[in-house]
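Undergrad: what shape does this take:
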Amino acid sequence: MKWRIVAVAAAVVIAALVVNAFLVSRTTRGAEAFDGGRVVELDGPDLNVKEFGTDGDRAVVLLHGYSASVEWWDRVAAAMTGQRVIAIDLVGHGGSEAPGDAQSYRIESQAQSVRNALDALGVRRAVLVGHSMGGFVALALAEQDSERVERVVISDTPAEASLAAMPALAGLACAPVVGEAIDRLRPVDAISDSSLQTGFADDYGVPPLAHRSLEQLTHSGLCDARAQDGEPSAVDRIAGLGQPVLVVWGERDVLTPTAANVERYREAGLTPTVIPGAGHSPNVETPGEFVNAITEFIQ
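TA: Numbering: from 1, shown residues only. Below is the predicted model of the structure:
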């Protein structure tokens, strides 16, 4: 009798996990204004955008990293005066639409979505600034649209896939069946803090914006956006570009370790600018120094 009770209980738990996985993995979300932005309706996923500065057909376009949002650029954008600046939430992030198909989250598709937004916003000339995963999107868009993209800045974007150290919890949250159950704990700050801390220097407390951005992701977005197997490396993409590229790095980055990545970019013929004291997110941790590092290049 005892073992029968255990077997029944185990069956109930397994059934609950399977049902939860079915429901969570099929969660989608329409676009909605986020962090003072507005939704741009597109042929494809609709995107949330936030504009700063002046009007014009030339813009500096800010692309955030994985599990982030336009909010991560607020202090950088505010300091970039005298020009048009546009921060864009990538597909599934921030206020942008979160579709259910994995293809929409691939780097090439993300780049096409940004391209669609730039068309809708009347941007004919662009300088792209991408942080972390946003750097991959920026490089892909520069490949797709070389006539529009004048130059590219990438910040803390791993030179190669092997030069990134994703937190263990991120992997567990995307494991089959149990991942969806673990993902239910994402809104609990005490649990997500340890993973989010790797996005910043160890003495820079996890800011509330990191939690707000993480909670905007659906489970599909959380997992499909990080599943980029088979994508070209950053150094391979750069080798084929005709546009100038500036690499910026946080001195104390542990998520995409500074020394190894800086060395790899140097081997590829680039000279990364290292920002003292910053971790993986200098655009959030040291926005003034970040703007100083890119200002001359983006003019």
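
Undergrad: so Val248, which of the three states?
TA: strand (DSSP: H, G, I helix; E, B strand; the rest coil).

Undergrad: got the contact list for it?
TA: By Cβ atoms under 8 Å, 6 or more residues apart in numbering, the contact list for Val248 reads 153-156, 272-275, 282, 290, 293-294. Placement of C-beta: from N, CA and C, glycine included.

Undergrad: could these go into TSV alongside secondary structure and neighbour count?
TA: Shown next, in TSV, are these (DSSP: H, G, I helix; E, B strand; the rest coil; neighbours: other Cβ atoms under 10 Å):
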residue	secondary structure	neighbour count
Val153	strand	26
Ile154	strand	30
Ser155	strand	30
Asp156	coil	30
Pro272	coil	21
Thr273	strand	19
Val274	strand	17
Ile275	strand	24
Pro282	helix	30
Phe290	helix	27
Ala293	helix	20
Ile294	helix	20
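
Undergrad: quick one: which of those residues is nearest to Ala234?
TA: Ile154 (6.8 Å; Cβ to Cβ).

Undergrad: how much space between the closest one and Gly56?
TA: According to Cβ to Cβ, to the nearest Å, Ile154 stands 24 Å off from Gly56.

Undergrad: again with Ser281
TA: 28 Å.

Undergrad: so how many other residues sit close to the closest residue to Met166 other than its chain neighbours?
TA: Spatial nearest neighbour of Met166, excluding adjacent residues (Cβ to Cβ, 6 or more residues apart in numbering): Arg226 at 7.2 Å. Residues within reach of Arg226, counting by other Cβ atoms under 10 Å, total 16.

Undergrad: CA atoms of the helix or strand harbouring Gly130 as PDB?
TA: Here Gly130 sits within strand 125-131, counting by DSSP states H and E. What follows is strand 125-131 as a C-alpha-only set of coordinates in PDB (Å, rounded to 0.1, in the frame of the first residue of the first chain):
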ATOM      1  CA  ARG A 125      21.400  56.100 -41.800                       C
ATOM      2  CA  ALA A 126      22.200  54.300 -38.600                       C
ATOM      3  CA  VAL A 127      25.000  53.800 -36.100                       C
ATOM      4  CA  LEU A 128      24.300  50.600 -34.100                       C
ATOM      5  CA  VAL A 129      25.300  50.100 -30.500                       C
ATOM      6  CA  GLY A 130      24.700  46.600 -29.200                       C
ATOM      7  CA  HIS A 131      25.300  45.300 -25.700                       C
END
